[in-house]
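> Let me see the structure of the following:
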Amino acid sequence: MRIRVAREGKAAVLDVEDTGIGMDPGVVETLFDPFRQESEGLAREYEGTGLGLTVTKKAVNQMGGSIDVDTEKGKGSHFTVRFPGPT
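Presented below is the predicted three-dimensional model:
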């Protein structure tokens, strides 16, 4: 896992990148919905409630920021969070 913090003008940028299991890019549309996971139902592969990314996105939005994800199954995920700087 790699975590980087940078500055773009007045904005702060947080990059979180891993080389883990990744996700099918088709699930990105619903990734931030409450209680959603890539694998769901009784046969799901991983534990968790499916709330972590929902809470993160809501907090980032309340601070006027944005969150983007680039992911590929079997190769990992890259999340970029941007926070606006002072006006």
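> In terms of helices and strands, where is the residue positioned nearest the centre of the chain?
Nearest residue to the geometric centre of the chain (CA atoms, centre = their mean): Phe79, 4.7 Å. According to DSSP states H and E, Phe79 maps onto strand 76-83.
> That strand: how far from the chain's middle?
Mean C-alpha position of strand 76-83 versus that of the full chain (CA atoms, centre = their mean, to the nearest Å) differs by 6 Å.
> Give the pairing partners of that strand; include direction for each.
Take DSSP bridges as the rule and strand 76-83 pairs in its sheet with strand 11-17 (antiparallel), strand 66-72 (antiparallel).
> So for Met1, which of the ones you listed sits nearest?
strand 11-17 (7.1 Å; CB to CB). C-beta coordinates here come from the backbone N, C-alpha and C atoms, glycine included.
> now the strands paired with strand 76-83 as TSV including mean neighbour count, mean pLDDT and distance to Asp33?
Below are the strands paired with strand 76-83 laid out as TSV (neighbours: other CB atoms under 10 Å; pLDDT from 0 to 100; distance: least, CB to CB, whole Å):
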stretch	mean neighbour count	mean pLDDT	distance to Asp33
strand 11-17	15	97	20
strand 66-72	15	95	13
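> Dump these into JSON lines; add distance to Leu53 as well.
Shown next, in JSON lines, are the strands paired with strand 76-83 (distance: least, CB to CB, whole Å):
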{"stretch": "strand 11-17", "distance to Leu53": "11"}
{"stretch": "strand 66-72", "distance to Leu53": "8"}
